[in-house]
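> Show me how the following folds:
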Amino acid sequence: FGRKFILRWCLLQLAITGTCAAFIPTFLVYCSLRFLTGFSTMVITSNSFILSLEWVRPQSKALMIILVSSAFSVGQMTLGGLAYVFREWRTLQLVVSVPFFVFFLSSRWLVESARWLIIINQLDKGLKALRKVAHINRIKNSGDSLNMEVIVRTTMQEELDAARNKSTVCDLFRSPNMRKRMCIMLFARWASH
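Residues are numbered from 1 along each chain as shown. Coordinates of the predicted model:
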């Protein structure tokens, strides 16, 4: 279906189930709606993260990861502040859910994943999406380097490289620097729970 369609569907699902949960009289139906909300939340998180990383320059990927991670933290702090302001849970549920209708409407202008378009053999649409994002990222002369031959050659080279380099989990612990980073990340993840 593509990342854009799934992301838009889950934004709509989150908006509807979250808004309906504010008006449900029984606890069992409320839990069912919150269960569906959880499904859509995870898909929104992963798809928005992947799409945002796909459309930035390689030099900016680390900054994008930091910004997306920070956005989640700011969202959690904002939720705490909203819960302090709106003490009644139904009002809080509405205040948190209704903005997702706006996100759903504004997601219409998202650009579909060029990788997915190329994989499903819609090369013209993928090329158009790449050129649009290159223009947004202010990359000059992208028209010369973005053509069908370059895209097909690059995609084939990536597939060949992926087939040659089979990675395992043990590769994360082979170099001392990666071992140190993995231990710090594992400790930070364990400490956050």
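
> alpha carbons only for contacts and neighbour counts from here, please
Fine.

> Mind checking which residue lies nearest the centre of the protein?
Centroid-nearest residue in the chain: residue 48, 1.9 Å away (criterion: CA atoms, centre = their mean).

> Mind jotting down where the helices sit in the chain?
3-21, 27-54, 61-85, 89-97, 99-106, 114-119, 123-136, 142-145, 148-164, 176-192 (DSSP state H).

> Make a markdown table out of those and add distance to residue 170 and mean pLDDT.
Shown next, in a markdown table, are the helices of the chain (distance: least, CA to CA, whole Å; pLDDT from 0 to 100):
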| stretch | distance to residue 170 | mean pLDDT |
| --- | --- | --- |
| helix 3-21 | 30 | 89 |
| helix 27-54 | 24 | 85 |
| helix 61-85 | 23 | 88 |
| helix 89-97 | 42 | 90 |
| helix 99-106 | 40 | 90 |
| helix 114-119 | 28 | 73 |
| helix 123-136 | 35 | 74 |
| helix 142-145 | 37 | 57 |
| helix 148-164 | 17 | 64 |
| helix 176-192 | 10 | 82 |
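
> deepest of these, which one?
Of these, the one with the most neighbours on average (mean count of other CA atoms under 10 Å) is helix 3-21, at a mean of 21.

> Around residue 173, how many other residues sit close by?
A count of nearby residues for residue 173, using other CA atoms under 10 Å, gives 15.

> Find me the pLDDT at it, would you?
Looking at residue 173, its pLDDT reads 77.

> pretty sure it is touching residue 179, no?
Yes. Here residue 173 reaches residue 179: they are 4.5 Å apart, a contact under CA atoms under 8 Å.

> For residue 37, which non-adjacent residue is closest in space?
residue 14 (5.2 Å; CA to CA, 6 or more residues apart in numbering).

> mind listing what the one you found touches?
Contact analysis of residue 14 by CA atoms under 8 Å, 6 or more residues apart in numbering lists 36-37, 40-41, 97, 100.

> which one among the residues you listed gets closest to residue 125?
Each of the contacts of residue 14 was checked against residue 125 using CA to CA; the closest is residue 40, at 26.9 Å.

> how close does the nearest residue to that closest one once chain neighbours are set aside sit to residue 175?
Of all residues not flanking residue 40 in the chain, residue 10 sits nearest, at 4.8 Å (CA to CA, 6+ apart). Distance check for residue 10 against residue 175: by CA to CA, to the nearest Å, it reads 40 Å.

> for residue 37, same thing?
From residue 37 to residue 175 the distance is 41 Å (CA to CA).

> and if you look at residue 109?
43 Å.

> Could you do residue 107 as well?
41 Å.

> do residue 187 as well
18 Å.

> One more: residue 95?
48 Å.

> and if you look at residue 118?
Applying CA to CA to residue 118 and residue 175 gives a distance of 35 Å.
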